[in-house]
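S.K.: Just need the structure, nothing else, for what follows:
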Amino acid sequence: MTWTDALVALFLLVGLLGIVLPILPGSLLIAGTLLTWAALTGGAAWGWFAAAVAVLAIGTTLQYVVPGRRLKTAGVPNQTLLLGALVGFVGFFVIPFVGLFVGFVLGVYTAEVSRLGREAARPSTVAALKAVALSIAIEASFAVVAVSIWVVAAFRL
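M.R.: Modelled structure (predicted):
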């Protein structure tokens with residue numbers, strides 16, 4: 001293993017952590033790291049890079065489509081999700097690390113309380129939390145597959 005491979009592995013690990021802890025854009029960092037690795041390695045590395053980026057693209061698409069459909073089925077409107085995202089964005093800066101999650105939940109709950117009342121807001125909030133967890137799980141799963149593609153490539157090249 002070369003120094004380049006060790007640095008790539010470190011950045012890929014940071015990218016994976018960025019998916020779970022929303023400090024860095026995890027999948028984007030992974031794709032950028034793999035692009036740099038392919039450019040430095042050259043040759044067959046470009047094929048491995050293309051395969052890994054294709055996996056990341058599929059995962060990114062599914063991370064929005066699948067939870068979105070579940071939320072529509074649960075009857076959570078887009079305005080509620082937008083308010084949750086906005087309050088989550090503010091929460092990210094107010095409470096480091098967990099503020100995004102806390103803000104999202106607070107925003108969704110507040111929107112649903114104003115729309116449906118206190119009793120009916122809980123199922124919508126729970127559905128939104130499950131959708132966020134599913135989205136993170138989908139992105140993380142596909143990112144692990146993309147990183148695994150690099151691991152195989154690094155040992156084969």
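
S.K.: residues of stretch 80-97 that come out buried?
M.R.: 80-81, 83-84, 87-88, 91-92 (16 or more other C-beta atoms under 10 Å). Just so you know, the C-beta spots here come from the backbone N, C-alpha and C atoms, and that holds for glycine as well.

S.K.: chain center to that stretch, what's the gap?
M.R.: Put simply, stretch 80-97 sits 15 Å off its chain's centre (C-alpha atoms, centre = their mean, to the nearest Å).

S.K.: most residues in a single helix of this protein, which one?
M.R.: Taking DSSP state H as the criterion, the chain has its longest helix at helix 118-156.

S.K.: hang on, the earlier thing: which ones among the buried residues of stretch 80-97 map onto helices?
M.R.: Residues of these located in helices (DSSP H): 80-81, 83-84, 87-88, 91-92.

S.K.: Out of the residues you listed, the closest to G26 would be?
M.R.: Nearest to G26 among these is F92, at 14.8 Å by C-beta to C-beta.

S.K.: Apart from its neighbours in sequence, what residue is nearest that closest one?
M.R.: L100 (4.3 Å; C-beta to C-beta, 6 or more residues apart in numbering).

S.K.: just the angle between the one helix or strand that neighbour maps to and helix 118-156, please?
M.R.: Under the criterion of DSSP states H and E, L100 resides in helix 99-116. With axes from the mean of the first three to the mean of the last three C-alpha atoms, to 10 degrees as the basis, helix 99-116 and helix 118-156 are set at 150 degrees to each other.

S.K.: Listing request: residues of the chain with sub-threshold pLDDT.
M.R.: The chain contains no residues with pLDDT under 70.

S.K.: so Y64 makes contact with V132?
M.R.: No - counting by C-beta atoms under 8 Å, Y64 sits too far from V132 to count as a contact (11.5 Å).

S.K.: Name the residue in the two with the higher neighbour count.
M.R.: Set Y64 next to V132 and count neighbours by other C-beta atoms under 10 Å: V132 wins out with 20 against 12.

S.K.: Need the buried residues of stretch 80-97 in a markdown table (columns: distance to T36).
M.R.: Output for these, formatted as a markdown table (distance: C-beta to C-beta, whole Å):
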| residue | distance to T36 |
| --- | --- |
| T80 | 39 |
| L81 | 34 |
| L83 | 38 |
| G84 | 34 |
| V87 | 35 |
| G88 | 30 |
| G91 | 32 |
| F92 | 27 |
